[in-house]
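*Asks:* for reference, the sequence and a predicted model appear below.
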Amino acid sequence: MNWTAIKVITSSEAVEAVSYILTDMGAQGVQIEDAADFENLHEGKYGDHGEFIDPSSIPHRKSGAAVSGYFPQNVFVPELLPTIHQRVAKLKDYGLNPGENDVSAATVDNQQWATVWQKYYHPLRVTDQLTIVPQWEEYQPADPKEKLIFLDPGMAFGTGTHPTTRLMLEALEKTIVGNEYVIDVGTGSGVLSIAAKHLGAGKVDAYDIDKVAVNSAKKNLALNPIAKDVKVGVNSLLDGIHIQADLIVANILAEIIVPLIPQAYENLKPGGKFLVSGIIDDKAPLIRQKLQEQGFIIDDEQQMKDWHGMIAHKPHEVK
């Protein structure tokens, strides 16, 4: 089966927003080439035969990012291009830099889609305890406390290299004590659910509005036996869910976090934690305001490049 790839040249900070636009327009998956992914790579076994090479010698983007959405052959792609261009341009209204916003289309075959991006994806230690490893690579932990998260992101995104994902993984490492009931909203590749289980969480439920992401998450969960009991399904935020969790995590855009805040408050036990990321710099004041208006107490806020992650909790005594 042939596919048509619509490629958007954009900025690193707009990668997740552009990915959302493409999937919202009907893309069955995305591929990301981000110059920022190479900033944290050090010399390692990146060669085809396990040889040590300098990451800077690997062909890669020198600046910005390219996000490609893959559309099935029955979609008339040319009529989508102007709309995608307009929606990406409008990202500046939300405080995101759309970058070049060059939009183009090309035909690719299924095998090319499945393999071309693998050269950009290598083992990455993202926190003190967590290392993300592509499932096709062999990797030996550097020390006993290192926990490996095996991923084959395929058609979904969320491989751990983007600042928003790293912020959330660090927040999970700070927060989880053991045996918590965790809800992962907008699970994407499932990386946060797998990390939560590695860090000692008990029950984990994961949701995403995108069926492609849910299927990808299920495949990744199967690669990690520790996460075999994670429940994953299609759902829009926490619509229709009424439980009492210890921890809710969400790595999604600020505009989507806003309607999630009251839902998270309702579904957390007193003292429960709410971890959010995907917040671009200009939107951080809005999210702080909305959290506090809802009654959350913000315990910690971290920033990586232009992105913010926050840890808040629901008070034990609700006013």
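*Replies:* Looks like it came in fine.

*Asks:* helices along the stretch 101-250 of the chain, start to end?
*Replies:* Remark: helices of the stretch 101-250 of the chain, listed N- to C-terminal, are 110-115, 163-175, 191-198, 211-223; assignment by DSSP state H, counting those that start in this stretch.

*Asks:* tell me the most buried of those?
*Replies:* Among the helices of the stretch 101-250 of the chain, the stretch with the highest mean neighbour count (mean count of other Cβ atoms under 10 Å) is helix 191-198, at a mean of 27. For glycine as for every other residue, the C-beta is placed from the backbone atoms N, C-alpha and C.

*Asks:* what's the angle from that one to helix 163-175?
*Replies:* What separates the directions of helix 191-198 and helix 163-175 is an angle of 20 degrees, with axes from the mean of the first three to the mean of the last three Cα atoms, to 10 degrees.

*Asks:* what does helix 191-198 contact?
*Replies:* Residues from elsewhere that reach helix 191-198 (Cβ atoms under 8 Å, 6 or more residues apart in numbering): 129-130, 132, 147, 149, 151, 158-160, 165, 168-169, 172-173, 176, 180, 182, 184, 187, 204, 206, 217, 220-221, 224, 226-227, 230, 232, 247, 249, 251.

*Asks:* one more time with 7 Å
*Replies:* Applying Cβ atoms under 7 Å, 6 or more residues apart in numbering, the set of residues contacting helix 191-198 from outside is 130, 132, 147, 149, 151, 158, 160, 165, 168-169, 172, 176, 182, 184, 187, 204, 206, 220-221, 224, 226-227, 230, 249, 251.

*Asks:* CA atoms of it as PDB?
*Replies:* Written as PDB, here are the backbone C-alpha positions of helix 191-198 (Å, rounded to 0.1, in the frame of the first residue of the first chain):
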ATOM      1  CA  VAL A 191       5.800   6.000  27.500                       C
ATOM      2  CA  LEU A 192       4.500   7.600  30.700                       C
ATOM      3  CA  SER A 193       2.400   4.600  31.700                       C
ATOM      4  CA  ILE A 194       5.400   2.300  31.300                       C
ATOM      5  CA  ALA A 195       7.600   4.700  33.300                       C
ATOM      6  CA  ALA A 196       5.000   4.900  36.000                       C
ATOM      7  CA  LYS A 197       5.000   1.100  36.400                       C
ATOM      8  CA  HIS A 198       8.800   1.000  36.400                       C
END
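
*Asks:* from the chain's centre, how far out does it sit?
*Replies:* When distances are taken as Cα atoms, centre = their mean, to the nearest Å, helix 191-198 is centred 12 Å away from the chain's centroid.

*Asks:* quick one: average pLDDT of it?
*Replies:* On average, the pLDDT along helix 191-198 is 97.

*Asks:* now do stretch 139-154
*Replies:* Mean pLDDT, stretch 139-154: 85.

*Asks:* what's the answer for stretch 226-238, then?
*Replies:* 96.

*Asks:* ok, residues contacting it?
*Replies:* Counting by Cβ under 7 Å, 6+ apart, stretch 226-238 makes contact with 185, 187, 190, 193-194, 197-198, 204-209, 211, 214, 217-218, 221, 241, 259-260, 263-264, 267, all of which sit outside it.

*Asks:* so how far is it off the chain centroid?
*Replies:* Relative to the centre of its chain, stretch 226-238 is centred 15 Å away, using Cα atoms, centre = their mean.

*Asks:* what does stretch 81-96 give?
*Replies:* Its chain's C-alpha centre and that of stretch 81-96 lie 20 Å apart, by Cα atoms, centre = their mean.

*Asks:* now that stretch: mean pLDDT?
*Replies:* 90.
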